[in-house]
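> any chance you could fold what I've pasted below:
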Amino acid sequence: MRTRDVLVGALIGASAAAISAASIASRQTYLSPEKALKAVKGAVKPVYTIKGSWIHMKTDSVQKYNLPFTVYSGGLTCEKDGQLLQLDFMVDAETGTLVDLQSQ
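Numbering: from 1, shown residues only. Here you go, the predicted model:
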């Protein structure tokens, strides 16, 4: 093998690695729906006794407070003062922060 062939091969390999790394870095990463649901439960647990929960497995794009969010939406069945409540929530898919919580 010539030195030139080795250098060309190394250059091609380095270019492919750089393109792959840039592609991976540019992808948006979201929490799994399970982790997002766990974050919501942790946020409401001091106030409510959670009896059941559900979450949509796909993200939605919403605008809240004039800001764009990518969220998971779902619901909780909770007990407070002996009464069952149905709560709907939206949780930020990137951070797990509770964006909205409403009683039905």
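> C-alpha from now on. contacts and neighbour counts both.
Will do.
> just give the nearest non-adjacent residue to Gly74, would you?
Closest residue in space to Gly74, ignoring its immediate chain neighbours: Ile55 at 4.0 Å, by CA to CA, 6 or more residues apart in numbering.
> same deal with Thr59?
Spatially, and ignoring its direct neighbours in sequence, Thr59 is nearest to Tyr72 (5.0 Å; CA to CA, 6+ apart).
> also Glu79?
Leaving aside its chain neighbours, Glu79 sits nearest to Thr49 (5.0 Å; criterion: CA to CA, 6+ apart).
> surely the one you found and Asp81 touch.
No: counting by CA atoms under 8 Å, Thr49 stays clear of Asp81, with 9.5 Å between them.
> compare those two (neighbour count), which wins?
Thr49 (18 against 7; other CA atoms under 10 Å).
> per-residue confidence at that one?
Predicted confidence (pLDDT) for Thr49: 92.
> now swap in the one 10 residues further on and tell me
As predicted, Thr59 sits at a pLDDT of 93.
> how about Leu37, what does it touch?
By CA atoms under 8 Å, 6 or more residues apart in numbering, Leu37 lies in contact with 54-55.
> so it, which of the three states?
In three-state terms, and counting by DSSP: H, G, I helix; E, B strand; the rest coil, Leu37 is helix.
> and for Gly42?
Secondary structure state of Gly42, per three-state DSSP, is helix.
> cool, Arg4 as well?
Look at Arg4: counting by three-state DSSP, its state is helix.
> what's the burial count for it?
Using other CA under 10 Å, Arg4 has 9 other residues around it.
> before we move on, the earlier item: measure the residue nearest to Gly74 to Asp81 for me?
Relative to Asp81, Ile55 is positioned 25 Å away (CA to CA, to the nearest Å).
> no more questions from me, cheers.
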